[in-house]
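> Prediction below, plus the sequence it came from.
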Amino acid sequence: MGVFKNLFGKGDSRAVKLAREALHRAEKESKPYSALGFAIIESATRCLEKMKPFFLPAKTDVEADMTELSVFHEFLYFFIHMSNRAAFSEGFSEQERRAFLQTLFPGLIATVIDLFTDDWPEEIQAKIRSETYDNITSAEIEYSTSKDIISKEKPFTGDSLLAKLSRSVAAKMHKDYNPEVLTQVTLAAFEELKTTDFPKLVADNKISSPQSAKALMI
(Lines give C-alpha, C1' and ligand atoms only; values in the text may rest on other atoms or scores of the structure.)
Protein backbone atom coordinates (compact mmCIF):
# COMPACT_ATOMS: atom_id res chain seq x y z
CA MET A 1 0.00 0.00 0.00
CA GLY A 2 1.39 3.40 -0.99
CA VAL A 3 2.13 5.99 1.68
CA PHE A 4 -0.34 8.39 0.09
CA LYS A 5 -3.12 5.89 -0.59
CA ASN A 6 -6.58 7.47 -0.20
CA LEU A 7 -4.98 10.67 1.07
CA PHE A 8 -7.96 12.63 -0.12
CA GLY A 9 -11.11 10.59 0.24
CA LYS A 10 -14.27 11.37 2.15
CA GLY A 11 -13.06 13.83 4.71
CA ASP A 12 -9.44 14.17 5.69
CA SER A 13 -7.25 11.10 6.05
CA ARG A 14 -4.97 10.62 9.05
CA ALA A 15 -1.99 11.92 7.05
CA VAL A 16 -3.79 15.11 6.07
CA LYS A 17 -5.01 15.63 9.62
CA LEU A 18 -1.46 15.22 10.90
CA ALA A 19 -0.17 17.66 8.32
CA ARG A 20 -2.86 20.15 9.23
CA GLU A 21 -2.08 19.76 12.93
CA ALA A 22 1.65 20.21 12.42
CA LEU A 23 1.38 23.22 10.13
CA HIS A 24 -1.31 24.84 12.28
CA ARG A 25 0.54 24.26 15.55
CA ALA A 26 1.08 27.99 15.88
CA GLU A 27 -2.06 29.04 14.02
CA LYS A 28 -2.89 31.97 16.28
CA GLU A 29 0.57 33.43 15.91
CA SER A 30 1.34 32.61 12.27
CA LYS A 31 -1.81 31.62 10.42
CA PRO A 32 -0.66 32.89 6.99
CA TYR A 33 2.41 30.65 7.11
CA SER A 34 0.43 27.57 8.03
CA ALA A 35 -2.21 28.30 5.38
CA LEU A 36 0.41 28.52 2.65
CA GLY A 37 2.28 25.46 3.90
CA PHE A 38 -0.82 23.31 3.92
CA ALA A 39 -1.89 24.62 0.48
CA ILE A 40 1.46 23.51 -0.93
CA ILE A 41 1.08 20.03 0.61
CA GLU A 42 -2.50 19.73 -0.65
CA SER A 43 -1.60 20.81 -4.18
CA ALA A 44 1.36 18.45 -4.39
CA THR A 45 -0.73 15.57 -3.08
CA ARG A 46 -3.63 16.16 -5.48
CA CYS A 47 -1.16 16.20 -8.37
CA LEU A 48 0.39 12.96 -7.14
CA GLU A 49 -3.01 11.28 -6.94
CA LYS A 50 -3.73 12.24 -10.55
CA MET A 51 -0.46 10.67 -11.66
CA LYS A 52 -0.71 7.37 -9.79
CA PRO A 53 -2.85 5.64 -12.46
CA PHE A 54 0.10 6.07 -14.83
CA PHE A 55 2.69 4.48 -12.52
CA LEU A 56 4.47 1.34 -13.67
CA PRO A 57 3.66 -1.74 -11.54
CA ALA A 58 6.05 -1.87 -8.57
CA LYS A 59 7.89 -5.06 -7.68
CA THR A 60 7.78 -4.34 -3.94
CA ASP A 61 5.91 -2.09 -1.51
CA VAL A 62 9.13 -0.22 -0.81
CA GLU A 63 9.57 0.51 -4.50
CA ALA A 64 5.98 1.74 -4.72
CA ASP A 65 6.44 4.00 -1.70
CA MET A 66 9.69 5.46 -3.03
CA THR A 67 8.12 6.23 -6.41
CA GLU A 68 5.20 8.00 -4.74
CA LEU A 69 7.50 9.99 -2.50
CA SER A 70 9.78 10.96 -5.39
CA VAL A 71 6.88 12.16 -7.54
CA PHE A 72 5.33 14.00 -4.59
CA HIS A 73 8.63 15.77 -3.95
CA GLU A 74 8.86 16.97 -7.56
CA PHE A 75 5.47 18.64 -7.23
CA LEU A 76 6.44 19.97 -3.80
CA TYR A 77 9.59 21.61 -5.21
CA PHE A 78 7.56 23.14 -8.01
CA PHE A 79 4.95 24.75 -5.74
CA ILE A 80 7.67 25.96 -3.38
CA HIS A 81 9.32 27.66 -6.34
CA MET A 82 6.01 29.18 -7.45
CA SER A 83 5.59 30.57 -3.94
CA ASN A 84 9.09 32.02 -4.13
CA ARG A 85 8.19 33.64 -7.47
CA ALA A 86 5.01 35.01 -5.98
CA ALA A 87 7.00 36.64 -3.17
CA PHE A 88 9.11 38.41 -5.77
CA SER A 89 6.01 39.48 -7.74
CA GLU A 90 4.27 40.69 -4.59
CA GLY A 91 7.06 43.15 -3.94
CA PHE A 92 8.94 41.43 -1.12
CA SER A 93 12.31 43.03 -0.56
CA GLU A 94 15.32 40.71 -0.78
CA GLN A 95 15.51 40.67 3.02
CA GLU A 96 11.78 39.94 3.35
CA ARG A 97 11.93 37.18 0.74
CA ARG A 98 14.95 35.56 2.39
CA ALA A 99 13.24 35.65 5.80
CA PHE A 100 10.05 34.28 4.24
CA LEU A 101 11.87 31.31 2.71
CA GLN A 102 14.00 30.61 5.76
CA THR A 103 10.98 30.67 8.05
CA LEU A 104 8.46 28.60 6.13
CA PHE A 105 10.18 26.01 3.99
CA PRO A 106 12.60 24.21 6.35
CA GLY A 107 9.67 23.51 8.65
CA LEU A 108 7.46 22.51 5.74
CA ILE A 109 10.02 20.05 4.37
CA ALA A 110 10.72 18.60 7.81
CA THR A 111 6.99 18.16 8.38
CA VAL A 112 6.53 16.29 5.10
CA ILE A 113 9.47 13.98 5.72
CA ASP A 114 8.44 13.26 9.31
CA LEU A 115 4.84 12.58 8.34
CA PHE A 116 5.42 10.28 5.42
CA THR A 117 8.53 8.38 6.53
CA ASP A 118 7.71 8.10 10.22
CA ASP A 119 7.86 4.29 10.26
CA TRP A 120 10.88 4.01 7.96
CA PRO A 121 14.39 3.17 9.25
CA GLU A 122 16.30 6.21 10.52
CA GLU A 123 19.10 5.77 7.99
CA ILE A 124 16.59 5.99 5.13
CA GLN A 125 14.95 9.05 6.68
CA ALA A 126 18.34 10.74 7.02
CA LYS A 127 19.20 9.95 3.40
CA ILE A 128 15.87 11.31 2.15
CA ARG A 129 16.25 14.43 4.30
CA SER A 130 19.72 15.15 2.90
CA GLU A 131 18.67 14.47 -0.68
CA THR A 132 15.56 16.62 -0.31
CA TYR A 133 17.52 19.72 0.64
CA ASP A 134 19.98 19.13 -2.20
CA ASN A 135 17.17 18.54 -4.68
CA ILE A 136 15.15 21.57 -3.65
CA THR A 137 18.21 23.76 -4.20
CA SER A 138 18.80 22.21 -7.62
CA ALA A 139 15.13 22.59 -8.56
CA GLU A 140 15.13 26.23 -7.50
CA ILE A 141 18.15 26.94 -9.69
CA GLU A 142 16.60 25.08 -12.63
CA TYR A 143 13.18 26.75 -12.40
CA SER A 144 14.63 30.22 -11.83
CA THR A 145 15.84 30.44 -15.44
CA SER A 146 12.34 29.95 -16.89
CA LYS A 147 10.38 32.97 -18.09
CA ASP A 148 7.06 31.33 -18.98
CA ILE A 149 4.71 29.01 -17.13
CA ILE A 150 3.87 27.10 -20.30
CA SER A 151 4.90 27.20 -23.94
CA LYS A 152 2.40 26.62 -26.74
CA GLU A 153 5.19 25.94 -29.22
CA LYS A 154 7.21 23.55 -27.03
CA PRO A 155 4.94 22.43 -24.16
CA PHE A 156 7.16 19.49 -23.17
CA THR A 157 10.59 20.11 -24.71
CA GLY A 158 11.04 23.82 -24.03
CA ASP A 159 12.26 25.78 -21.03
CA SER A 160 8.90 26.72 -19.54
CA LEU A 161 8.20 25.94 -15.89
CA LEU A 162 5.63 23.26 -16.65
CA ALA A 163 7.81 21.66 -19.32
CA LYS A 164 10.61 21.25 -16.79
CA LEU A 165 8.22 19.92 -14.15
CA SER A 166 6.63 17.41 -16.53
CA ARG A 167 10.03 16.05 -17.57
CA SER A 168 11.17 15.75 -13.94
CA VAL A 169 8.03 13.86 -12.88
CA ALA A 170 8.11 11.60 -15.92
CA ALA A 171 11.72 10.71 -15.14
CA LYS A 172 10.80 9.73 -11.56
CA MET A 173 8.07 7.50 -13.00
CA HIS A 174 10.58 5.92 -15.43
CA LYS A 175 8.46 7.18 -18.31
CA ASP A 176 10.76 9.79 -19.81
CA TYR A 177 9.32 11.48 -22.88
CA ASN A 178 5.99 9.66 -22.55
CA PRO A 179 3.50 12.14 -24.12
CA GLU A 180 0.56 11.00 -22.01
CA VAL A 181 2.47 11.36 -18.75
CA LEU A 182 3.94 14.73 -19.74
CA THR A 183 0.45 15.96 -20.61
CA GLN A 184 -1.10 14.76 -17.36
CA VAL A 185 1.62 16.40 -15.25
CA THR A 186 1.10 19.69 -17.06
CA LEU A 187 -2.68 19.55 -16.66
CA ALA A 188 -2.53 18.60 -12.98
CA ALA A 189 -0.09 21.36 -12.00
CA PHE A 190 -1.78 23.99 -14.17
CA GLU A 191 -5.12 23.20 -12.53
CA GLU A 192 -3.61 23.74 -9.08
CA LEU A 193 -2.14 27.07 -10.14
CA LYS A 194 -5.60 28.14 -11.33
CA THR A 195 -7.54 27.01 -8.27
CA THR A 196 -5.07 27.79 -5.46
CA ASP A 197 -4.31 31.48 -5.01
CA PHE A 198 -0.63 31.15 -4.16
CA PRO A 199 0.11 34.86 -4.75
CA LYS A 200 -2.47 35.87 -2.15
CA LEU A 201 -1.33 33.24 0.33
CA VAL A 202 2.23 34.49 -0.08
CA ALA A 203 1.20 38.16 0.13
CA ASP A 204 -0.55 37.46 3.43
CA ASN A 205 2.85 36.51 4.85
CA LYS A 206 4.33 39.90 4.06
CA ILE A 207 2.51 41.38 7.02
CA SER A 208 3.16 38.39 9.30
CA SER A 209 5.51 38.88 12.21
CA PRO A 210 8.84 37.10 11.57
CA GLN A 211 9.16 36.45 15.29
CA SER A 212 5.80 34.71 15.57
CA ALA A 213 6.42 32.76 12.36
CA LYS A 214 9.45 31.10 13.92
CA ALA A 215 7.06 28.92 15.86
CA LEU A 216 6.50 26.87 12.71
CA MET A 217 10.13 25.81 12.50
CA ILE A 218 10.54 22.15 13.34
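The structure has been received and is ready for your questions.

> C-alpha from now on. contacts and neighbour counts both.
Noted.

> tell me how far the helix or strand harbouring residue 111 is from the chain's mean position?
Here residue 111, judged by DSSP states H and E, is contained in helix 94-116. The chain centroid and the centroid of helix 94-116 are separated by 11 Å, computed with Cα atoms, centre = their mean, to the nearest Å.

> List the contacts of the residue nearest the centre of the chain.
The centre of the chain sits closest to residue 76, judged by Cα atoms, centre = their mean, with a distance of 1.3 Å. Under the criterion of Cα atoms under 8 Å, 6 or more residues apart in numbering, the neighbours of residue 76 are 40, 41, 44.

> Was I right to think the last one contacts residue 70?
I take that to be residue 44. No. Residue 44 lies out of contact with residue 70 (Cα atoms under 8 Å); the separation is 11.3 Å.

> out of these two, which sits in the busier spot?
Set residue 44 next to residue 70 and count neighbours by other Cα atoms under 10 Å: residue 44 wins out with 24 against 20.

> who's in contact with that one?
By Cα under 8 Å, 6+ apart, the contact set of residue 44 is 72, 73, 75, 76, 79.

> let's see 7 Å
When contacts are counted by Cα atoms under 7 Å, 6 or more residues apart in numbering, residue 44 touches 72, 75, 76.

> Also residue 97?
Residues counted as contacts of residue 97 (Cα under 7 Å, 6+ apart) are residue 87.
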